[in-house]
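[1] curious how this folds, go ahead:
(chains A and B)
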Amino acid sequence: MESDFKKEHEKLLDLTKELMPQKFGRTGVIWVISLVVIIAIGLVAYIHQLSKGLIITDMRDYSSWGIYISNFVFFVAISLVGSLISAILKLTHAGWRTPLTRIAEVIAVSAIAFAGLTIIVDMGRPDRMINLFIHGRIQSPIIWDVLVVTTYLVISTLLLFIPLVPDIALCRETGVNPSFWNKKIFKFLSLNWKGKKSQFFLVHKSIRILAVLIIPVALGIHTVTSWLFATTFRSGWDSTNFGAYFVSGAFMLGAGAVIAAMFLIRRQYKLENHITDAHFDKMGKLLVLLSLVYLYFNINEYLVPAYKMKHGEAEHLNDLFTGHFSLMFWSVQFFGMILPIFVLISKKGRKPLPAFLISIMVIIGAWFKRFLIVTPTLLHPFVPIQNVPDAWKSYNPTWEEWSIAFATLAGACLLMTIFIRVFPIIPIWETAEERGIIVDTHEEK
Amino acid sequence: MIEEETNSRREFLEKSIVGGLTALSAASLFSSCHGDDVKETGEKVKLLSPDGTIVEVDSAYINTNIPELHLSEHNIREGVPGKKFVMVIDLSRCKNARKCKEGCSKMHFLPKERSYVKVEKMQDSEMAAPYWMPMTCFHCDNPPCTKVCPVDATYKLSDGIVSIDNNRCIGCRFCMVACPYSARIFNWGEELYGLNDAEAKAIPDHDACSSHKLGTVEKCDFCPQMGEKNELPDCVKACPNGVFYFGNEYDDAVTNGDETLQLSELLKTKAAFRYLEELGTKPRVYYLPPVNRLFPFKDSEESKNS
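    Here you go, the predicted model:
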C-alpha cells in the first residue's frame, strides 16, 4: 500500500514537471517588452491627463463618456468568462473544461482588476475617490457597480487561488526552477499544503460553494454595468433588454478570449497533450451557441425600435444603419457575430488556427461594439446639439485616450503573462484526478 | 412701567425669532433695544408681529439698517427658507438676442462661448414655423441627475433648486448622461474658462452653487444668492424682451422685471407646458407656447450650419 502511494505520487510529480511554468523564448520576451512599452506610453499619457484634466481627451459636454467607459464595459464583459468556465461548465459536469479553468479564471481576475482601474482613469477627480466610501449613496447604480465588481473580484481571486494551492506545493516539491524568489513565494503561497485527504476535501468543497456563488455575482456585474446606461432616458439605452443583452454579449466575448488564450498558451508551452483539438472543437461549438444568443438580443435591440422609428430613436438608428457609424456598425455585426457563427458551425472551422483567427475577430468586434453602444447614443441627445464648436458634435479619441486604453489592455495581458510565467496554467492535480492518479497520498496521522 | 414695557418687548423679540426669516429681519429692527444709551423720542410706532398682534414701540428702537443676509447663513444643502423658485419662459417673446447667455456668462464668470443657458432653434414639425427656445437647468422635482450621483454631490433643495457641490463631485459625469435635457456642462480643463487669476479668485466659493472646479460638473443654479434677496437671476434681468419670468411658487407670482403676474393664472390662460413632460421629470421651468409672437423668426448663421 505504502509503495503504491509512492508510485502514484511519482506519477503526480512527473505530470508536475511536464506542466511547470517554463522560461520564455524569444517571442515571449518580445511580447513582454512590447507590453511594457505600451504601458509606459499609457502612463505618460495619464500623467499628462492628471495635470491638464480631461481636456486632453476628445470628450466634451455632449460626448461626455468615451472610450474609457466602453473599455470599462469591455473589461467587465470579458471577465464573465471566469464564471462561464469555472462555474457553469463545472455545475453542468462538462469534464473537458478542466485544462481551461485556470486560463478562464486568470482572464477574469486580470480583466476585472483593470476594469476598476479604467473607471478611475475616466474620473474627473480621481483624487476624490475616497468620497465613494465617505459619501456613497446606495441609490446610485455606480455604487451598485462598485459593490458587485469588488465582490466578483474577491470570489474570482479565490476561485483562481484555492485550486492553485495544491499545485504550488507540487511545484515546490519537484525542485525544478528553484530560484530564490520562486522558493520564497511558493513556500508562502502553498499555505502549508500537505496533500492530505481532509485538505483536498476542503478544496473541493470551497470550489463547489464558490462556483455556485459566482454565478449570480457574474450576472450581477454585467447587468449592473448595463444599468449605467439603461437607467437613463437616452435613445439606444432606454431598454429593458439591456441586462440580458450585455450578459449574453459578455459570455460570447469571454468564450472568444478563452479560445485566443488557449491557442497562444498551447503554442508557447507546447501543451498539445493537454489543450487538444477537441477543446477547440468544444469551445467553438460553445461560441456558436453564445453568438446565436447574442444575435437574438441584437435583433431585439435594433430591429424592434427600427420597426417603430420613434422620434429620437430614429436619428440614432439611422446614424448606425446608414450614417456616420454605419461602416463600423455593419463590420462589427458581420465580423464580430455573423461570420463567427458561419465559420465555427463547420467542423473544419473549429480547428485551432481558424478558431483562433475567429476569436481574435470576436474580441476586436466586441471592443468596437461597446464603442457603438456608448458613443452614438451620446451624440444624439433629446435637445439638438447647437451653438457649440463643430469639434464637439463628433467624438474622435485623442492619442492620449488611445494610449491609456491600450495601456490598460496591455496591463491586463501583462498580468496574465506574469501569472503564466510563474504558476502552472494547466491545473495539475485536477488533471491528475481526471486521469485517475491518486492525489491525496498523504495519510492523516 | 418702563420695566413692563421692556419685558413685553423681550417677549415679542423671542416670538419673532421663532417666526423664521421675516422675524429675523424684524429682530434686526430692534437690534439696539438693549442699549441703555438710546434716547426715547416719545414717538410711538405700531408694528405687526408675526403672530398677528399689534405692538407699539418707540421709534428710537427701530433700526432701519437691515443687514444683508448672505447665502452662507442658511445650510447650503437645505435651500433658501420660505422659497420655491419657479421659472416661466415665454417662447412668443424670444428672438434669439442671447443676452441671457451673456448675462449668465458674466454672472458665473464663464467664458463667452460657454453659458449655463442654451438658446435652441426648435421646430415642432415640418409645417410649423421654427422658434427660439431658451433652456436653463429645469430644476426638476423628480430629477434623474441627483438619483444617479454616487456621492450626493448633486441634490434637490427645499427651495426647488437642484444644486451641485463642486467640492465633492468626483467627475464621473453620470448626471450629465442621465439628464435628458443636456443641461449640465463639465469643467474639462482650466484653459477652457480663460479666467485670469483675479477673475478666478473673484468667484465666491459656494455663494453661487456652481463654482468652477477642474474635473467637476456645473450647470445653471437658478442664482439662489439673487433669489434670496428677492432679486432676479441675471438671465432674467439681461433679457431685453422679458422672455423669462421668475418667482416664488409659494407667492404664486412671477415677474420678468417689467410685469408681475399670477403664476397659476398665467400657466392656465397661456396653456403653459413643460419640455418633455412625458419623461416624468417634473421640471420647475414652464414654457408658454410660441403663439402671437412679438418677432418673426429670423435664422442665425450658427443654426443654419447645424
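[2] please name the bridge partners of residue B:88.
    Beta bridges link residue B:88 to residue B:245, residue B:286, judged by DSSP bridges.
[3] neighbours around it, how many?
    Number of residues near residue B:88 (other CB atoms under 10 Å in any protein chain shown) recorded here: 23. For the C-beta atoms, the positions are set from N, CA and C on the backbone; glycine is no exception.
[4] give me the pLDDT value at it.
    If you check residue B:88, the pLDDT there is 98.
[5] ok, it - contacts?
    By CB atoms under 8 Å, 6 or more residues apart in numbering or on different chains, the contact list for residue B:88 reads B:244-246, B:254, B:263, B:266-267, B:272, B:285-288.
[6] just the closest of the residues you listed to residue A:365, please.
    residue B:285 (43.4 Å; CB to CB).
[7] isn't the closest one right next to residue B:136, touching?
    Yes - using CB atoms under 8 Å, residue B:285 is in contact with residue B:136, at 6.2 Å.
[8] overlap in contacts, those two.
    Joint contacts of residue B:285 and residue B:136 (CB under 8 Å, 6+ apart) are residue B:87.
[9] any regions of the chain where pLDDT drops low?
    Just so you know, I chose chain A. Where chain A drops to pLDDT under 70, the residues are A:1-2, A:175-178, A:180-181, A:443-445.
[10] please go with chain B instead
    B:1-37, B:50, B:64-75, B:191-197, B:199-210, B:301-306.
[11] how's it carved up into domains?
    B:2-61, B:85-288 (automatic domain parsing).
[12] tell me which element the residue of chain B found nearest chain A falls in.
    Using CB to the nearest CB, the closest approach of chain B to chain A is made by residue B:171 at 1.9 Å. Using DSSP states H and E, residue B:171 maps to neither a helix nor a strand.
[13] and the closest residue in space to it that isn't next to it in sequence, which of the three is it?
    Nearest non-adjacent residue to residue B:171, counting by CB to CB, 6 or more residues apart in numbering or on different chains: residue A:124, 1.9 Å away. Using DSSP: H, G, I helix; E, B strand; the rest coil, the three-state assignment for residue A:124 comes out as coil.
[14] what about residue A:124, neighbour count?
    Residue A:124: 22 neighbours (other CB under 10 Å).
[15] does the helix with the most length in chain A come close to chain B?
    Longest helix in chain A by number of residues (criterion: DSSP state H): helix A:197-230. Yes - counting by CB under 8 Å from any CB of the partner chain, chain B is contacted by helix A:197-230 at A:228-229.
[16] count of neighbours near the residue of chain B closest to chain A?
    What residue B:171 shows, counting by other CB under 10 Å, is a neighbour count of 24.
[17] isn't it up against residue B:189?
    No - Residue B:171 is beyond contact range of residue B:189, at 11.9 Å (criterion: CB under 8 Å).
[18] what's the overlap in contacts for the two?
    residue A:54.
[19] list of residues touching the helix or strand where residue A:169 lies?
    Secondary-structure assignment from DSSP H and E places residue A:169 in helix A:164-174. Residues outside helix A:164-174 that contact it (CB under 8 Å, 6+ apart): A:12-13, A:16-17, A:20-21, A:102, A:177, A:183, A:186-187, A:189-191, A:193-195, A:199-200, A:203, A:423-424, A:427-429, A:439.
[20] what angle do that helix and helix A:197-230 make?
    130 degrees (axes from the mean of the first three to the mean of the last three CA atoms, to 10 degrees).
[21] now helix A:164-174, how far from the centre of its chain.
    For helix A:164-174, the separation from the chain centroid amounts to 26 Å (computed by CA atoms, centre = their mean, to the nearest Å).
[22] what sits against residue A:49?
    A:56-57, A:121, A:400, A:404.
[23] top of the residues you listed by neighbour count?
    residue A:404 (29 neighbours).
[24] thought it was touching residue A:120?
    No - the pair residue A:404 and residue A:120 fails to qualify as a contact (CB under 8 Å) at a distance of 11.0 Å.
[25] helices of the stretch 1-150 of chain A, residue ranges please.
    A:2-19, A:26-52, A:67-79, A:81-83, A:89-91, A:101-122, A:131-134, A:141-161 (DSSP state H, counting those that start in this stretch).
[26] correction: the stretch 151-300 of chain B
    Under DSSP H, counting those that start in this stretch, the stretch 151-300 of chain B gives helices at B:174-178, B:197-202, B:224-227, B:234-238, B:263-269.
[27] what helices or strands is the first one leaning on?
    I take that to be helix B:174-178. Packing partners of helix B:174-178 (3 or more CB pairs under 8 Å, 6 or more residues apart in numbering or on different chains; DSSP states H and E): helix B:144-148.
[28] which residues sit against the helix it packs on?
    A:139-142, A:231-233, B:154-156, B:162, B:174-180, B:184, B:279, B:281.
[29] contacts for stretch A:126-136?
    Against stretch A:126-136 from outside (CB under 8 Å, 6+ apart): A:50, A:120, A:123, A:142-143, A:146, B:150-153, B:168-171.
[30] distance between the ends of it?
    15 Å (CA to CA, to the nearest Å).
[31] mind listing what's buried along it?
    A:126, A:128, A:131-132, A:135 (16 or more other CB atoms under 10 Å in any protein chain shown).
[32] repeat that for stretch A:143-155.
    Those would be A:143-146, A:148-149, A:151-153, A:155, for stretch A:143-155 by 16+ other CB under 10 Å.
[33] now stretch A:418-433
    A:419-420, A:422-433.
[34] which residue sits closest to residue 42, ignoring its sequence neighbours?
    Because you didn't say which chain, this covers chain A. Nearest to residue A:42 is residue A:407, by CB to CB, 6+ apart, at 2.0 Å.
[35] ah, I was thinking of chain B
    Leaving out its chain neighbours, the residue that sits closest to residue B:42 by CB to CB, 6+ apart is residue B:58, at 7.1 Å.
[36] the one you found pairs with what?
    residue B:44.
[37] wait, what's in contact with it?
    By CB under 8 Å, 6+ apart, the residues touching residue B:58 are B:40-45.
[38] look up how far residue A:124 lies from it.
    59 Å (CB to CB, to the nearest Å).
[39] residues touching residue 219, list them.
    Just going to use chain A. residue A:247.
[40] wrong chain, I was asking about chain B
    Residue B:219 neighbours (CB under 8 Å, 6+ apart): B:116, B:137, B:162, B:164, B:183-185, B:210.
[41] for the helices of the stretch 151-300 of chain B, which one ends up most surrounded?
    helix B:174-178 (a mean of 25; mean count of other CB atoms under 10 Å in any protein chain shown).
[42] what's it in contact with?
    Contacts of helix B:174-178 (CB under 8 Å, 6+ apart): A:61, A:64-65, A:140-142, A:228-229, A:231-234, A:378, B:144-150, B:154, B:182, B:184-186, B:217.
[43] where exactly do the strands run in the stretch 1-150 of chain B?
    Taking DSSP state E, counting those that start in this stretch as the criterion, the stretch 1-150 of chain B carries its strands at B:44-48, B:54-58, B:85-90, B:118-122, B:131-135.
[44] burial count for the residue nearest to residue B:188 when sequence neighbours are not counted?
    Excluding its sequence neighbours, the residue lying closest to residue B:188 (CB to CB, 6+ apart) is residue A:55, at 4.2 Å. Residue A:55 has 19 neighbouring residues, counting by other CB under 10 Å.
[45] residue A:55 contacts residue B:189, doesn't it?
    Yes - judged on CB under 8 Å, residue A:55 makes contact with residue B:189 at a distance of 2.6 Å.
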